[in-house]
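Peer 1: 3D, please:
(one chain, ligands or ions: 2)
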Amino acid sequence: MFELKKMFPDCEAVIVDLDGTMVDTMGDFAEALNRMLADLQLPAIDVPTIEPMVGKGSEHLLRAVLTHVLGQIGKPATATEIDNRYAQAWERYQHHYLAINGRFSRVYAGVEKGLAQWRSKGLKMACLTNKPLSFAEPLLRAKGLRDYFDHVFGGDSFERKKPDPLPLLKTCEALGSKPALTLMVGDSSNDAEAAHNAGCPVVLVSYGYNHGQPIREVAATGYVDALSELQA
Ligand SMILES: O=C(O)COP(=O)(O)O
Ligand SMILES: [Mg+2]
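Peer 2: Residues are numbered from 1 along each chain as shown. Ligands and ions are numbered 1, 2, ... in the order given. So this is what the prediction gives:
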């Protein structure tokens, strides 16, 4: 158990990551990517290969996937080759993702309980993800999580994404909270690095996607196995 008000007596706000922290979206990623690859007449990709590619936004994901599948069919995955296919890949991926958004994903155990108790203590709350905002908003609504948050920001809401500290600083600004009194809750080194550089404390969940690396190797203020363990 991790007592928020004991660790951070003046805690004003919580910023929560989405993929791998609140929702296990790996099934959505796999479905949308494989429909896109089929449209491009490229071979399918499996979940274990996708997992370490998730967390740095859609552009990074699509480029990593294209690099992988082109390599598999013996085509040189040069920057030019990827660039040539990128526009169509993004168009098809976006189309499919929006069509299946939330259908192959599930909310992790303890998420609603955690969010509800922070909310009931009057903490200000924002969701900050590297997912495009047009994917994040409908997903949160479909899973019944949207109303916990004062603000939702995506990977395209600001000039730069996590691990850059800018999105966290901008989110603190929107919440009207001081970074040092704003807790970031995430699942990856991306979230931790952004938080460290923004001056926010950070708690990491043990069950998400951390680019294939053990989460406890990432420096953080604390680790939890469920959001409900982070008691307000
Ligand atoms: O790269 C992604 O789309 C995942 O984003 P998130 O972990 O910041 O929610
Ligand atoms: Mg995440």
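
Peer 1: quick one: Ala195 and Leu168 touch, right?
Peer 2: Yes: proximity of Ala195 to Leu168 meets the contact threshold set by Cβ atoms under 8 Å, at 6.3 Å. Using the backbone N, CA and C atoms, a C-beta is placed for each residue, glycine as well.

Peer 1: Overlap of the contact sets of the two?
Peer 2: Residues touching both Ala195 and Leu168 (Cβ atoms under 8 Å, 6 or more residues apart in numbering) are Met184.

Peer 1: gap between the residue sitting furthest away from the middle of the chain and ligand 1?
Peer 2: Taking Cα atoms, centre = their mean, the residue of the chain most remote from its mean C-alpha position is Gly74, at 31.6 Å. According to Cβ to the nearest ligand atom, to the nearest Å, Gly74 and ligand 1 sit 28 Å apart.

Peer 1: swap in Phe8?
Peer 2: For Phe8, the distance to ligand 1 - Cβ to the nearest ligand atom - is 22 Å.

Peer 1: Touching, that residue and Leu181? I think so.
Peer 2: Yes: the pair Phe8 / Leu181 is scored as a contact, 6.9 Å apart, by Cβ under 8 Å.

Peer 1: so how far is Ile215 from whatever residue of the chain ends up closest to ligand 2?
Peer 2: Nearest to ligand 2, among the residues of the chain, is Gly20, at 3.7 Å (Cβ to the ion). From Gly20 over to Ile215 the distance is 10 Å, taken as Cβ to Cβ, to the nearest Å.

Peer 1: And ligand 1, is stretch 164-175 touching that?
Peer 2: No: Stretch 164-175 does not reach ligand 1 (Cβ under 6 Å from any ligand atom); its nearest approach is 9.3 Å.

Peer 1: what's next to the helix or strand hosting Val65, contact-wise?
Peer 2: Taking DSSP states H and E as the definition, one finds Val65 inside helix 58-72. Residues from elsewhere that reach helix 58-72 (Cβ under 8 Å, 6+ apart): 29, 33, 37, 42-43, 45, 49-50, 53-54, 76-77, 81-82, 85-86, 89-90, 93, 131-132, 135, 155.

Peer 1: Apply 6 Å and report the result again.
Peer 2: Applying Cβ atoms under 6 Å, 6 or more residues apart in numbering, the set of residues contacting helix 58-72 from outside is Leu33, Leu42, Pro43, Ile45, Met53, Ala77, Ile82, Arg85, Ala89, Pro132.

Peer 1: ok now do Asp19, which residues does it touch?
Peer 2: Counted by Cβ under 6 Å, 6+ apart, Asp19 has contacts Thr25.

Peer 1: at 8 Å what do you get?
Peer 2: So Asp19 contacts Thr25, Val54, Gly55, Thr129, Asn130, Lys131, Asp187, Gly208, Tyr209 (Cβ under 8 Å, 6+ apart).

Peer 1: for the residue nearest the centre of the chain, which residues make a bridge with it?
Peer 2: Residue closest to the average C-alpha location in the chain (Cα atoms, centre = their mean): Asp19, at 3.7 Å. Taking DSSP bridges as the rule, Asp19 bridges to Val23.

Peer 1: Next: Val205.
Peer 2: Val224.

Peer 1: hang on, the earlier thing: for Leu183, see how far away the residue farthest from the centre of the chain is.
Peer 2: Distance from Gly74 to Leu183, by Cβ to Cβ: 48 Å.

Peer 1: again with Ser134
Peer 2: 27 Å.

Peer 1: which of those two has more neighbours?
Peer 2: Counted by other Cβ atoms under 10 Å, Ser134 and Leu183 do not tie: Leu183 has more neighbours, with 24 against 14.
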